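*Asks:* Provide a 3D model corresponding to the input given below.
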Amino acid sequence: VLDLYNHRDPVLAAALQKGLDADRMATGDQLDGETMKPKGGLGNAAGMRQSAQGAARLMAADDGPRIAALAFDGWDTHVNEGGATGRLANLLGGLDGAFEEFEKGLGERWQDTAIVAITEFG
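*Replies:* Below you'll find the predicted structure:
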């Protein structure tokens, strides 16, 4: 996609490149340059916490970004969801852990922070 934008829309390509660079820093370079999809790890509790921790570290800096977007895969759980210890509970625990990492990592900035969690379903 980036290569296409480089040829068709250099301004959009530059903005996309900045976003990809910021995402690489936040995820510890876990982004696959070929597909632009997260490599393994971000769809589990530990990966969610790690991603939020990295984003919070960047955002807490005085010259850091003020907006971040994180994507966590694996929510399409139609079977084997389980109860308190099933797949869905693990995902929700990971999301809760990610919010906790944001709170810890942002320090004083947390009081001025809004988190919006959205989903695509359908």
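
*Asks:* So which elements touch the worst-scoring helix or strand of the chain on mean pLDDT?
*Replies:* None of the helices or strands of the chain scores lower by mean pLDDT, DSSP states H and E than helix 10-27, at a mean of 78. For helix 10-27, the elements it packs on are helix 2-8, helix 45-60, judged by 3 or more Cβ pairs under 8 Å, 6 or more residues apart in numbering; DSSP states H and E. No exception for glycine: its C-beta is placed from N, CA and C like everyone else's.

*Asks:* how about the longest helix along the chain: buried residues?
*Replies:* The single longest helix within the chain, with elements called by DSSP state H, is helix 87-106. Residues 88, 90-91, 93-95, 97-98, 101-103, 105-106 are the ones in helix 87-106 that count as buried (16 or more other Cβ atoms under 10 Å).

*Asks:* what helices or strands is it leaning on?
*Replies:* helix 45-60.

*Asks:* from the middle of its chain, how far away would the helix it packs on be?
*Replies:* Taking the mean of its C-alpha atoms, helix 45-60 sits 8 Å from the chain's own mean (Cα atoms, centre = their mean, to the nearest Å).
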